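K.L.:
coordinates for the following, if possible.
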Amino acid sequence: MELPITATTAAVIAILLLATAVETVSKRLKLKAAFGDAGDRGLIAAARSHGNLAEHAPIVLIMLALLEIGDANSTALIGVSGAFAVGRVAHIIGLHQESEPGKAPLARQIGVILTWLTLIILAGMLLAEVYVA
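P.N.:
Numbering: from 1, shown residues only. Alright, predicted model coming up:
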């Protein structure tokens, strides 16, 4: 298979997207809230965990694919894609945890940090491929 790292990452992300979509729809049905969040913290968390994943996944998958096509270091790509997946799972867990007002739960913080590190590392690798190699 071409692009096995990208394909594996895409499959993992697809499963997470499906799981978060099912959770969101389930909460909507339970609350009879076809639109909006009905002011329900659980529905807000479910919808944002799905939406946030959907917002970040495309650019990560595009950058992974471009780097994989360009024969970037496979070990590095596996590590970065793994960190992204772990970060997204942590973020999803963190969105569903209670926390002090004004402070995100630790799992959510870890999720954000891993996601942002993924973006920075992949962007840096791409720029290095284009301008340094």
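K.L.:
what segments of this protein are helices?
P.N.:
Using DSSP state H, the helices of the chain run over 4-31, 41-69, 74-95, 106-131.
K.L.:
quick one: those helices as TSV, columns for mean neighbour count and mean pLDDT too.
P.N.:
In this view, the C-beta of every residue, glycine as well, is placed from N, C-alpha and C. What follows is those, written out as TSV (neighbours: other CB atoms under 10 Å; pLDDT from 0 to 100):
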stretch	mean neighbour count	mean pLDDT
helix 4-31	16	96
helix 41-69	18	96
helix 74-95	19	97
helix 106-131	16	96
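K.L.:
so what's the closest residue in space to residue 84 that isn't next to it in sequence up against?
P.N.:
Counting by CB to CB, 6 or more residues apart in numbering, residue 118 is the residue found nearest to residue 84 once chain neighbours are left out, at 4.2 Å. The contact partners of residue 118, by CB atoms under 8 Å, 6 or more residues apart in numbering, come to 60, 80, 81, 83, 84, 87.
K.L.:
at 10 Å instead, please
P.N.:
Going by CB atoms under 10 Å, 6 or more residues apart in numbering, residue 118 touches 56, 59-60, 63-64, 79-88.
K.L.:
of these, which is the nearest to residue 18?
P.N.:
residue 88 (13.1 Å; CB to CB).
K.L.:
my guess is the closest one meets residue 111, correct?
P.N.:
Yes - Residue 88 sits in contact with residue 111 when judged by CB atoms under 10 Å, with a separation of 6.5 Å.
K.L.:
overlap in contacts of those two?
P.N.:
49, 52, 53.
K.L.:
how about stretch 35-47 as PDB, C-alpha atoms only?
P.N.:
Provided in PDB are the C-alpha atoms of stretch 35-47 (Å, rounded to 0.1, in the frame of the first residue of the first chain):
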ATOM      1  CA  PHE A  35     -29.700  22.100  16.600                       C
ATOM      2  CA  GLY A  36     -27.400  23.900  19.100                       C
ATOM      3  CA  ASP A  37     -26.300  22.500  22.400                       C
ATOM      4  CA  ALA A  38     -29.500  23.000  24.600                       C
ATOM      5  CA  GLY A  39     -27.200  24.400  27.200                       C
ATOM      6  CA  ASP A  40     -26.100  20.900  28.100                       C
ATOM      7  CA  ARG A  41     -22.400  20.500  29.100                       C
ATOM      8  CA  GLY A  42     -22.300  16.900  27.900                       C
ATOM      9  CA  LEU A  43     -23.600  17.800  24.500                       C
ATOM     10  CA  ILE A  44     -21.300  20.800  24.200                       C
ATOM     11  CA  ALA A  45     -18.300  18.500  25.100                       C
ATOM     12  CA  ALA A  46     -19.400  15.800  22.700                       C
ATOM     13  CA  ALA A  47     -19.900  18.300  19.800                       C
END
